[in-house]
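Chemist: make a model of this:
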Amino acid sequence: MPKIIDHDQRRRDIIDVTWDLITKGGIEAATMREIAAAAGFANGALKHYFPSKEDIIEATYERALAMMTEYISLEGLRGLAALRVMCESSMPIDENRILAGRILLTYWHTSLGNQKLYDKYLGHLGFWRAQLHRLIAEGRADGDIVTSLPNEQLVDEIVLINAGANVMSLVGPNYSTVELQKRHLESFFERLTRP
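Modeler: Model prediction:
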């Protein structure tokens with residue numbers, strides 16, 4: 001009887017190996033040869049599961065996004081409370097989120113030279129920004145967000161705080177502690193509730 005192969009599990013295994021290689025050695029460490037060796041495949045066998053390294057990187061990025069999304073539980077929340085949860089969920093405040101941030105940083109770098117990956121990231125960024133706009137509008141409608149700063153500026157600040165925290169947690173962890181990140185967020189939220 002032929003052995004039944006779980007192709008989805010094999011894809012997950014390849015992503016796991018790629019994740020590990022990137023978090024330990026950066027994108028340069030995640031060559032097709034290294035990925036295949038670490039996953040226990042012959043070099044050419046990866047193509048059955050992912051046509052190219054770009055596809056493996058994209059799948060690894062999707063996993064990082066899914067991991068961050070798991071931290072977001074907006075059920076029963078709206079406006080300011082939901083905005084707070086969304087902002088905190090994507091900050092690098094624990095080991096898993098720091099590792100996910102490392103994958104995102106690698107993806108950002110790779111997407112600069114790859115239009116498909118770049119467009120995918122812009123799509124994610126657009127979706128994220130739309131969610132932030134919606135939650136800010138809800139907070140204003142509920143009377144919890146009273147600042148006169150325009151919504152677009154508030155969204156820009158959230159994106160920059162988050163991106164900066166993710167980058168600094170990797171390249172300058174002495175200058176971006178979890179406590180400092182939380183203080184920046186708290187300062188931002190205090191400004192939202194002041195006219």
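Chemist: just the pLDDT for the residue most central in space within the chain.
Modeler: The centroid of the chain falls nearest to Leu65 when counting by C-alpha atoms, centre = their mean (4.4 Å). For Leu65, the model assigns a pLDDT of 77.
Chemist: and it, how far from Gly40?
Modeler: Counting by C-beta to C-beta, to the nearest Å, the gap from Leu65 to Gly40 is 27 Å. The way it works is simple: take the backbone N, C-alpha and C, and place the C-beta from them, glycine included.
Chemist: ok, back up a step: and the residue nearest to the centre of the chain, which of the three is it?
Modeler: Put simply, Leu65 is helix when judged by DSSP: H, G, I helix; E, B strand; the rest coil.
Chemist: what sits against it?
Modeler: For Leu65, the contact set (C-beta atoms under 8 Å, 6 or more residues apart in numbering) comprises 104, 124.
Chemist: for the spatially closest residue to Ile93 that is not a sequence neighbour, grab phi and psi.
Modeler: If the residues on either side of it in the chain are set aside, Ile93 comes closest to Val178, at 4.8 Å by C-beta to C-beta, 6 or more residues apart in numbering. Main-chain dihedrals, Val178, degrees, to the nearest 10: phi -60, psi -40.
Chemist: again, but for Thr31
Modeler: Dihedral pair for Thr31: phi -80, psi 160, per degrees, to the nearest 10.
Chemist: point out where this structure drops to low pLDDT.
Modeler: Under the criterion pLDDT under 70, the flagged ranges of the chain are 1-5.
Chemist: what about the longest helix in it?
Modeler: Among the elements of the chain assigned as helix by DSSP state H, the one spanning the most residues is helix 115-141.
Chemist: give me the contacts around the next helix or strand after that one.
Modeler: Toward the C-terminal end, the helix or strand that comes next after helix 115-141 (DSSP states H and E) is helix 151-171. Helix 151-171 has contacts (C-beta under 8 Å, 6+ apart) with 87, 90-92, 98, 101-102, 104-105, 125, 128-129, 132-133, 136-137, 140, 147, 175-176, 181, 184-185, 188, 192.
Chemist: and the residues you listed, which of them are buried?
Modeler: Among those, those that count as buried by neighbour count (16 or more other C-beta atoms under 10 Å) are 87, 90-92, 98, 101-102, 104-105, 128, 132, 136, 140, 147, 176, 181, 184-185, 188, 192.
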